[in-house]
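Asks: Using only what follows, build the 3D model:
(chains A and B)
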Amino acid sequence: MSLLWDLPLRLAFWLLLAPLVPGLINRIKAWVAGRRGPPLLQLYYDLARLWRKQVVMSSLASPGFILGPAVAWVAVVVAALLLPLGPAGTVLGFSGDALALVYLLALARFATAWAAMETGSAFEGMGVVREVSFAVLAEGSILSALLALGVQSHSLALNQMLAPTVGTGSALLAAGLFTVLLAENCRVPFDDPNTHLELTMIHEVMVLDHSGPPLAAILHGASVKLLLFSVLLVQAVLPVANLPAPAAAALLAGGVLGVVVGIGLVESLIARLAFRKVPLLLTTAFLLCLFALLVAWKGGAG
Amino acid sequence: MIGPLLLFALVALGLGALAGRRSPAVWVALTLAAGVALGAAGVAVGFGLQPDWDWRSGFPVGGQALHLRLDALSALFLILLAGVGLAGTAYSHTYLTLNDGIDPSAPARGRLWWNGLIFHLAVVLINSNGLHFLIGWELFTVCAYFLITLDRRRLAVRQAGWLYLAASHAGTIALFAFFTLLASATGSWDLGPLRERTDLAPLFWLALFGFGLKAGLFPLHVWLPSAHANAPSHVSALLSGVTLKLGIYGLLRFSGWLPVPASAGWVILGLGAVGALAGIVFALVQTDLKRLLAYCSVENIGVILIGLGGALVAAGEPAADWGRLALAGALLHVWTHGFAKALLFLGAGTVVHAAGTRDLGRMGGLWRALPFTAVAFLVGSASMSGLPPLAGLVGEWLVYLGLFDAVASHGPAGWAAGPAVIALALAGAVALATFTKANALVFLGAPRSSPSHALHEPDRWRSAPTFGLAGAVLLLGLAPAFVAPILARASEAWRPFDTGTAAVRVPLISLGRFQLILALVLVGVAFALWRRVHHLGVTRGPTWDCGYAQPSRRMQYTAGAMGGTVGGWFTWFLRPERSQRRPRGPLPDRAFILDRPRETVLEGVVTPVARQVLRVSTAVRRLQHGRLQSYILYIVIGLAALGLIVLVQGGRP
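Replies: Okay, here's the model as predicted:
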């Protein structure tokens, strides 16, 4: 019975709240730069507009060009639903759902890459290669982080894993996961979500040829993914689940807001990295997560 | 019930081999019937509908009484053999007669050796006598050799076959030593559980070499890529899908029946982790479609070995629950990889026939001509990359669960399991890159060269098996809990553990439910978006590509570029052969960069060693030149030396 209420509420939370995150980041960036900036709800307007637009498709593209974004969107949204939400816990949770989350993100990546390659464009090929290559390091980092959490909690269910004890490991994990968040969500210093015409971009270049509802699915999926990573990061580092419900909800919301502000500040204050250095930064994130794993391992044994 | 079924299958295979030259229709009927019978026997025993089967003949064959046995572990591999065998048989029925410039006698020979291969694979799987096991092993190797070299007029094919034959025999020598030492230690060729004989443990290393070589275990994989790439595609499917797994079967069987050294599990786990990562990195940089698939098999053998190694490590520990999961994962991965890889090779056969080349750099845009093949290939690729909701994830997931438990339990095993998890994760991500590349270069974009004559979907004989295998991959992904009984029974037959069905069934049910829900939502949302797009209307135009006015098909990303980034991180180890000409001057005329992936282990290790051996042999050969005078001189020197020894020792022995 509770599932009947829980699932739609959760779905509404993720689907409706997610487009707010990029809006918030843009407001922060505008504030730092002293500009007026786009309205907070800009992405909602964009999505509504795109949903009503006709699609222009490359003559080379197969139906996969439209189905790919749909698959990617579903994968990200289901991954988000697997994630516990502070006091509310999970709804679909099972032992090993942490791995399902990682592989759902992989599915989203595969579907996006497939759709991008449909066009036979060199730009999009470049984006695909970068995306799938950097994901190797990102996936290694996420798995190490999950291992660290698993060692701490003796569990493989996100519900129990995301109830960490705060310590040295948490700081390492926070730094590592935040870097992965920036890379996986195509934020500065890895990528610049505002450019569409640069040779140095990763994710944005893969969706150059999309338009209309599929592009809406892609943009919305990207915002859900950003929120997903923020929620994951906050719960992996702060002891949200151990607090009473109102405090936990407040801490979760505050934490996510903090992450969002952090992203906005990073984008305002740091320039994009030289492209050759991207793997180095990601390797650093990987090492941070590995060290977090070692700390968890030694700490638990003592 | 089991005996007659197997007898029928073997007789049908034999008769089919005889009929293959004259009447292909009889051959295909008999071989398919044999496949069904093998599968039925496997299912009956594997799922516990029939008790384990054990039979000894009253008469000797080659000096030994036959001893056949079919337990759940054999049944698991027998079902795989039946499934892939059926698919390959149906596929080859018309595939063999496609006139791709192949030798005219190839179809008849192909049918003969095909039946021989399936026959001997089945014999090895049900054999329980060391001598017969060895004979069956050798014969299936020889059958596989003749199948690889079906198109014997091409030099590359002959070279690949020769390498396969030579490498396989290096493995067979180790197995020969293994079985004879085993027989001399136990006084009998009969095989069976002997876990209490701890003095037999060191023999395991011989088995690891022999079976590991056949399985394509990482540094011993040197024969694999060229053999699987140059064989006809239905043969590649059987070789990659099943015969590699025979190596795994051997390792499982004899690590279960015989005691193993304490370090065995750790070594296998380490080799598996290294092999998984190395294999898939090699796969990523390949430019030949079938070679890419072959290297991907090296990766998956690594994944299976991680599971097996984990199980062996856990068997030596008090709390072995995680090992059970790892073992079940390895066993399931045998199936999922076998079916998916067979599917991919059959798909590759269709693609190669249509495109007229195996070179990824000359394909592209084939989805238009081969839409159904593209879908089937996509299913296989997604499964191979471990993506939900398909089968590939399930086996890997069980292995992950086992390893995670090992790490979380803080035992010493965590030191092996932790790095293995990370290796698995990295390998999974590289696999995704690899299959993105394969699919994109073959099916998407614009054709990179002029299309060949045969650009159409294949006939039913070739498309039905492809879809059958795709269905199996989908079904295993959506309803994995149904295979829990055979996994549990096979783990039990493996022996070091006492059984625990629930340990495997519970996670499979929860994962299956998740995959099913995901699949339904995927279909629903994809359909909804499709409807929406077509409701609004679609305008077709050239690829926008940032407003590029004249995109040409040669501007598309190539096979080298697709693997370049990750390949670049591993140059120290891949050592690609690079030739390039940089653009010079303000108006450069010509520039290129060409990377050829190298067979690092073969060209860097095996060939130099072999060359040294040859050099020493050549030097020694100078002693044997056929001149009688010198031979007499050798004898005189020898006698003189003997006399000297006798003199010095004073006649005492």
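Asks: ok, A:Gly89 - contacts?
Replies: A:Asn159, A:Ala241 (C-beta atoms under 8 Å, 6 or more residues apart in numbering or on different chains). To be clear about C-beta, it is placed using only N, CA and C from the backbone, and glycine gets the same treatment.
Asks: give me that answer again for 7 Å
Replies: A:Gly89 makes contacts with A:Asn159, as judged by C-beta atoms under 7 Å, 6 or more residues apart in numbering or on different chains.
Asks: Could you report the separation of it from chain B?
Replies: As judged by C-beta to the nearest C-beta, to the nearest Å, A:Gly89 and chain B stand 16 Å apart.
Asks: Over to that residue: give its phi and psi.
Replies: phi 70, psi -160 (degrees, to the nearest 10).
Asks: Which pLDDT value belongs to it?
Replies: If you check A:Gly89, the pLDDT there is 78.
Asks: you'd agree B:Val352 is up against B:Asp359?
Replies: No - counting by C-beta atoms under 7 Å, B:Val352 stays clear of B:Asp359, with 9.6 Å between them.
Asks: interface residues of the stretch 201-302 of chain A facing chain B?
Replies: Contact residues (C-beta under 7 Å from any C-beta of the partner chain) of the stretch 201-302 of chain A with chain B: A:Leu208, A:Asp209, A:Gly212, A:Pro213, A:Pro214, A:Ala217, A:Pro279, A:Leu293, A:Trp297, A:Gly300, A:Ala301.
Asks: For the fifth one, give me the pLDDT.
Replies: I take that to be A:Pro214. We have a pLDDT of 95 for A:Pro214.
Asks: Now for it: which residues touch it?
Replies: Applying C-beta under 7 Å, 6+ apart, the residues contacting A:Pro214 are A:Val55, A:Ile66, A:Pro69, B:Leu529, B:Val533.
Asks: where in the stretch 351-500 of chain B is pLDDT low?
Replies: B:451-454, B:496-500 (pLDDT under 70).
Asks: can you check the stretch 1-150 of chain B too?
Replies: B:99-101.
Asks: Just the CA trace of the lengthiest strand in chain B, in CSV.
Replies: With secondary structure taken from DSSP state E, chain B has its longest strand at strand B:53-61. Extracted in CSV, the C-alpha atoms of strand B:53-61 (Å, rounded to 0.1, in the frame of the first residue of the first chain):
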residue,chain,number,x,y,z
TRP,B,53,24.1,-40.7,-14.7
ASP,B,54,27.1,-43.0,-14.3
TRP,B,55,27.9,-45.9,-16.7
ARG,B,56,30.8,-48.3,-17.2
SER,B,57,31.2,-50.5,-20.1
GLY,B,58,32.0,-54.2,-19.8
PHE,B,59,34.4,-54.1,-22.7
PRO,B,60,37.6,-52.1,-22.9
VAL,B,61,38.3,-49.4,-25.5
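Asks: Listing partners with orientation, what would you give for it?
Replies: strand B:64-70 (antiparallel) (DSSP bridges).
Asks: What's the first helix or strand after the partner strand?
Replies: helix B:72-95 (DSSP states H and E).
Asks: Can you name every helix or strand that the helix or strand following that next one contacts?
Replies: Of the helices and strands lying after helix B:72-95 in sequence (DSSP H and E), the nearest is helix B:106-126. Judged by 3 or more C-beta pairs under 7 Å, 6 or more residues apart in numbering or on different chains; DSSP states H and E, helix B:106-126 is in contact with helix B:2-19, helix B:24-46, strand B:64-70, helix B:72-95, helix B:130-148, helix B:244-257.
Asks: Helix B:106-126: which residues count as buried?
Replies: B:106-107, B:109-126 (16 or more other C-beta atoms under 10 Å in any protein chain shown).
Asks: about what we covered before: between B:Val352 and B:Asp359, which has more neighbouring residues?
Replies: B:Val352 (21 against 16; other C-beta atoms under 10 Å in any protein chain shown).
Asks: how about that one, what does it touch?
Replies: Contacts of B:Val352 by C-beta under 7 Å, 6+ apart are B:Ser233, B:Leu289, B:Arg358.
Asks: Now do the phi/psi pair for the last one.
Replies: So the one you mean is B:Arg358. phi -100, psi 0.
Asks: low pLDDT regions in the stretch 101-250 of chain A?
Replies: A:195-200.
Asks: So which residues of chain A form helices?
Replies: Assigned by DSSP state H, chain A shows helices spanning A:2-17, A:20-33, A:42-51, A:64-82, A:97-117, A:122-153, A:158-161, A:168-184, A:203-206, A:212-237, A:245-269, A:278-301.
Asks: contacts for the strand or helix carrying B:Leu284?
Replies: Using DSSP H and E, B:Leu284 sits in helix B:264-285. Applying C-beta under 7 Å, 6+ apart, the contact partners of helix B:264-285 are B:204, B:217-218, B:255, B:292, B:295-296, B:298-299, B:301-303, B:305-306, B:308-310, B:312-313, B:316, B:416, B:419-420, B:423-424, B:426-427, B:430-431, B:433-434, B:437, B:563, B:566-567, B:570, B:574, B:576, B:597.
Asks: Same question for stretch B:158-177.
Replies: B:134, B:137-138, B:141, B:145, B:148-149, B:152, B:206, B:209-210, B:213-214, B:222-223, B:226-227, B:230.
Asks: One more pass at 6 Å, please.
Replies: B:138, B:141, B:145, B:148-149, B:206, B:209-210, B:213-214, B:223, B:226-227, B:230 (C-beta atoms under 6 Å, 6 or more residues apart in numbering or on different chains).
Asks: Between these, which sits nearest chain A?
Replies: For these, the residue nearest chain A by C-beta to the nearest C-beta is B:Ser226; the value is 26.7 Å.
Asks: hang on, the earlier thing: could you identify which of the contacts of stretch B:158-177 has the most neighbours?
Replies: B:Ala227 (31 neighbours).
Asks: Check that residue and give its pLDDT.
Replies: 94.
Asks: Am I right that it sits in a strand?
Replies: No - counting by DSSP: H, G, I helix; E, B strand; the rest coil, one finds B:Ala227 to be helix, located in no strand.
Asks: Check the spacing between it and B:Leu163 real quick.
Replies: B:Ala227 is 7 Å from B:Leu163, where distance means C-beta to C-beta, to the nearest Å.
Asks: out of the contacts of helix B:264-285, which touch chain A?
Replies: B:Leu426, B:Val430, B:Ala433, B:Val566 (C-beta under 6 Å from any C-beta of the partner chain).
Asks: The nearest residue to the second one once chain neighbours are set aside: how many residues sit nearby?
Replies: Nearest non-adjacent residue to B:Val430, counting by C-beta to C-beta, 6 or more residues apart in numbering or on different chains: B:Ile280, 4.5 Å away. Counted by other C-beta under 10 Å, the residues lying close to B:Ile280 total 30.
Asks: Cool, thanks, signing off.
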